[in-house]
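Visitor: fold the following.
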Amino acid sequence: MVEGGAFWSSNDQESVPDLQFHFLAGAGVEAGVPNIPSGSGCTLNSYVLRPKSRGTVRLKSADPAAGVLVDPNFLAEPEDVQSSVEGLHISREIMNQPNMQKHVKRAHFPDESVKTREDLVRYARQYGRTSYHPNGTCKMGRDEMAVVDPTLKVRGVEGLRICDSSVLPSLIGSNTNAVTVMISEKASDIISSSY
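Guide: Reported below is the predicted structural model:
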């Protein structure tokens with residue numbers, strides 16, 4: 001349902017884009033986004049591609065059926081806050097272009113009452129969320145923090161490999177589908193060559 005997207009830099013010091021934009025032909029269609037009273041509209045989201053903030057996933061108890069405690073710790077680092085605020089500025093700039101304005105009656109979220117940097121930070125903290133591409137929770141590598149080795153075998157567990165984006169040792173600056181397919185293809189090659 002995303003009709004368009006773009007990658008952009010939040011400032012001139014970035015050598016590669018640090019923001020991704022998604023344009024949706026609908027408003028209030030995502031979890032956590034307020035509904036638009038009329039039910040019609042469009043949405044332009046911006047996301048920080050390589051956030052510096054780190055969250056945690058912890059066990060709630062020794063019961064394997066119990067859910068885990070997830071704390072994404074969004075916007076903990078000042079650089080992430082700055083990029084998020086700049087993403088909101090750029091989104092507004094895009095939506096205020098003459099070719100867009102002829103289709104837009106008014107902005108709902110954030111509306112005109114969100115003006116200052118502090119307002120934008122509060123808005124980002126209240127409505128900001130992930131772009132649904134978490135990865136790197138089972139890091140691949142040779143160091144002590146690595147969960148899997150370079151052949152995707154889980155350290156300390158016999159006969160188990162992980163072959164999805166959770167093995168990425170660092171964040172990628174894009175959607176994860178292509179790199180996940182690549183990891184899976186590599187896993188297939190590793191597994192078939194070992195038989």
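Visitor: domain map for the chain?
Guide: If you go by automatic domain parsing, the domain ranges for the chain are 2-49+77-127, 133-195.
Visitor: helix or strand: which one has the residue nearest the centre of the chain?
Guide: Compute the mean C-alpha point of the chain, and by CA atoms, centre = their mean the closest residue is residue 131, 3.5 Å away. Per DSSP states H and E: residue 131 is located in neither a helix nor a strand.
Visitor: show the pLDDT at it.
Guide: For residue 131, the pLDDT comes out at 74.
Visitor: which one of the domains of the chain lies closest to residue 61?
Guide: Taking CB to CB, domain 133-195 is the member of those nearest to residue 61, at 19.4 Å. For the C-beta atoms, the positions are set from N, CA and C on the backbone; glycine is no exception.
Visitor: how long is that closest one end to end?
Guide: 33 Å (CA to CA, to the nearest Å).
Visitor: run the chain-centre distance for it.
Guide: Relative to the centre of its chain, domain 133-195 is centred 19 Å away, using CA atoms, centre = their mean, to the nearest Å.
Visitor: go on, stretch 128-135?
Guide: Distance, centroid of stretch 128-135 to centroid of chain: 3 Å (CA atoms, centre = their mean).
Visitor: can you give me the buried ones in that stretch?
Guide: 128, 133, 135 (16 or more other CB atoms under 10 Å).
Visitor: who's in contact with residue 184?
Guide: Contact analysis of residue 184 by CB atoms under 8 Å, 6 or more residues apart in numbering lists 163-164.
Visitor: again but with residue 59, I slipped
Guide: By CB under 8 Å, 6+ apart, the neighbours of residue 59 are 66, 68-69.
Visitor: and the residues you listed, which is closest to residue 161?
Guide: Among those, and counting by CB to CB, the member closest to residue 161 is residue 68, at 21.5 Å.
Visitor: what's the closest non-adjacent residue to that closest one?
Guide: Nearest residue to residue 68 in three dimensions, chain neighbours excluded: residue 57, at 5.4 Å (CB to CB, 6 or more residues apart in numbering).
Visitor: just checking, the one you found is part of a strand?
Guide: Yes - the assignment for residue 57 by DSSP: H, G, I helix; E, B strand; the rest coil puts it in a strand.
Visitor: that one: neighbour count?
Guide: 11 (other CB atoms under 10 Å).
Visitor: and what of residue 166?
Guide: Residue 166: 18 neighbours (other CB under 10 Å).
Visitor: and it, how far is that from residue 152?
Guide: Using CB to CB, to the nearest Å, residue 166 is found at 10 Å from residue 152.
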